[in-house]
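Enquirer: Turn this into a model:
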Amino acid sequence: MPIEVFLLASKLGNSEALVVKKTISKPEDLIGKRIAVPFISTTHYSLLAALKHWGIKPGQVEIVNLQPPAIIAAWQRGDIDGAYVWAPAVNALEKDGQGVDRF
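Expert: Predicted structure coming up:
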């Protein structure tokens, strides 16, 4: 049986982002911080690629596997320092009022 593979590509723009608390102003500040991301997702792979680009090993950051609704709750409780997630969760983190930056 022949298999056909295809790729649909689109520009994600602002629909996905690494959002962090204002106390994190540069990538190196991520070291030792708790960053939430849904594992095996585009944002998970984007986070790993970003860390590699910045010269940060994944073990230097506490990467927490959470789904978007749990990410919002963890952010509101102060359990995480940031998250790499997609809309509408990314927008909810920014609107929370705790002060955030995007990388």
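Enquirer: residues touching Glu28, list them.
Expert: 54, 56 (CB atoms under 8 Å, 6 or more residues apart in numbering). From N, CA and C alone the C-beta is placed, and that goes for glycine too.
Enquirer: ok, now how distant is it from Ile40?
Expert: Distance of Glu28 to Ile40, computed by CB to CB, to the nearest Å: 27 Å.
Enquirer: Next: Lys33.
Expert: 21 Å.
Enquirer: Give me the more crowded residue out of the two.
Expert: Lys33 (17 against 8; other CB atoms under 10 Å).
Enquirer: isn't that one right next to Leu18, touching?
Expert: No. Judged on CB atoms under 8 Å, Lys33 makes no contact with Leu18 at a distance of 11.2 Å.
Enquirer: Who does Trp86 form a beta bridge with?
Expert: The partner list for Trp86 in beta bridges (DSSP bridges) reads Glu16.
Enquirer: By residue count, what's the longest helix in the chain?
Expert: Taking DSSP state H as the criterion, the chain has its longest helix at helix 42-53.
Enquirer: buried sites along the next helix-or-strand element following that one?
Expert: Going down the chain from helix 42-53, the next helix or strand is strand 62-65, by DSSP states H and E. Across strand 62-65, burial judged by 16 or more other CB atoms under 10 Å covers 63-64.
Enquirer: partners of strand 62-65, with directions?
Expert: When DSSP bridges is applied, strand 62-65 pairs with strand 34-37 (parallel).
Enquirer: How far does the strand it pairs with sit from its chain's centre?
Expert: 6 Å (CA atoms, centre = their mean, to the nearest Å).
Enquirer: My read is that Leu30 contacts Val61, right?
Expert: Yes. With contact defined as CB under 8 Å, Leu30 counts as touching Val61 (5.3 Å).
Enquirer: out of those two, which sits in the more crowded spot?
Expert: Ranked by neighbour count (other CB under 10 Å), Leu30 and Val61 place Leu30 first, with 23 against 18.
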